[in-house]
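Asker: need a 3D model of the sequence below.
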Amino acid sequence: MKWGLTAAWVVLLVIVAFSSFYTVSETEQVLITQFGKPVSGVIGTPGLHVKTPFVQVVHRFDKRWLEYDGDPNEIPTKDKKYIWVDTYARWRISDPLRFYQAVGDEIGGQSRLDDIVDGQTRNAIASFDLIEAVRSTNRPFEITGELAGIGSEEAAGKIEHGRPEIEKIVLTKAAAITPQFGIELVDVRIKRLNYIESVQAKVFDRMTSERKRIAERSRSEGQGRAAEILGQKERDVKAASSAGYRSAQEIKGKADAQAAAIYARAYGRDPGFYEFVKSLETLSAATDKDTWLVLSTDAEVMKALKAAGGR
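Answerer: I've put the predicted structure just below:
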């Protein structure tokens, strides 16, 4: 019985000891509350600390810069173009006591930043044209190639402020509100811009039409070039055929001239024999094996045959 009582006291002392001490790390700042009310200042010294067990509660807050990543919001620009705007920011808990009293914890702080940053982003975006939120500087565009015309004129428009100026406006106005919640806001950026779905469809249709126009132009240029090549080929073929025909005619003319010269020389040597041969060629061309030919003795052909027979 005595050992059991002793063990119970030991357990109780251990529980009390664990409830009486707490540690603070280098990345934390601590606030102690008793019955829901703060009873200490902000404790930021790392190490082991003491509190009243069971009554006082330790609330831990991060010292480091924290990330805020907002949800995309549909916002109209000054020129009535609806876009999705996605922002992010960097913040920290600058006053843990005020932070605890105003929002409670980091989840509450993130929720409060949703209201503040999103609201100021909506006001800023609605005060400027879309091109101001898209472009950062008036740096000249280097647009080359076949796709030079796709949205280049609109995208290359001149700006007066630009996205950094809009982000600065959002940060300035939001950072003026957050201190009342114990929050220090140090940076706000626009992470992403995009058209809403209905506008995206129109933009994609325009891009498709532009690309079809470029494709049609390229196709027409290709067809024109093909027709030019085919025309040149036909001209080359005709030129080659003409040159070949002229060469053939020249050769044929020379051959005919040589043949005529040979005939002339042969006729000059033996006119009778030439007449006889030509008579035979005439008879051969005019008759075949089934042809009957009746000639008088006065026919020129018979005279040639008789002359040849006399020889």
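Asker: so in this structure, where's the weakest helix or strand by average pLDDT?
Answerer: In the chain, no helix or strand scores lower on mean pLDDT, DSSP states H and E than helix 152-155, which sits at a mean of 56.
Asker: after that one, which helix or strand is next? Please name it.
Answerer: Counting by DSSP states H and E, the next helix or strand C-terminal to helix 152-155 is helix 163-175.
Asker: Thr291: how many residues sit nearby?
Answerer: By other C-beta atoms under 10 Å, 8 other residues sit near Thr291. Bear in mind the C-beta positions are built from the backbone N, C-alpha and C, glycine included.
Asker: secondary structure class for it?
Answerer: Secondary structure, DSSP: H, G, I helix; E, B strand; the rest coil: Thr291 is coil.
Asker: also Leu31?
Answerer: strand.
Asker: give the contact list for it.
Answerer: Pro38, Ser40, Val42, Ile43, Val58, His59, Phe61, Pro96, Leu97, Tyr100 (C-beta atoms under 8 Å, 6 or more residues apart in numbering).
Asker: mark which of these are part of helices, please.
Answerer: Within the contacts of Leu31, residues falling in helices by DSSP state H are Pro96, Leu97, Tyr100.
Asker: thought the first one was touching Phe61?
Answerer: Yes - with contact defined as C-beta atoms under 8 Å, Pro96 and Phe61 form a contacting pair (4.6 Å).
Asker: identify the contacts common to those two.
Answerer: Shared contacts of Pro96 and Phe61, counting by C-beta under 8 Å, 6+ apart, come down to Gln29, Val30, Leu31.
Asker: among the residues you listed, which one has the lowest pLDDT?
Answerer: Lowest pLDDT of these: Leu31, 85.
Asker: hey, what's that one bridged with?
Answerer: Following DSSP bridges, Leu31 is listed with bridge partners His59.
Asker: quick one: it from Leu97, how far?
Answerer: Distance, Leu31 to Leu97, by C-beta to C-beta, to the nearest Å: 6 Å.
Asker: now Arg265
Answerer: 137 Å.
Asker: out of the two, which sits in the busier spot?
Answerer: Neighbour count, other C-beta under 10 Å: between Arg265 and Leu97, Leu97 has more, with 16 against 9.
Asker: chain center to stretch 70-77: distance?
Answerer: 25 Å (C-alpha atoms, centre = their mean, to the nearest Å).
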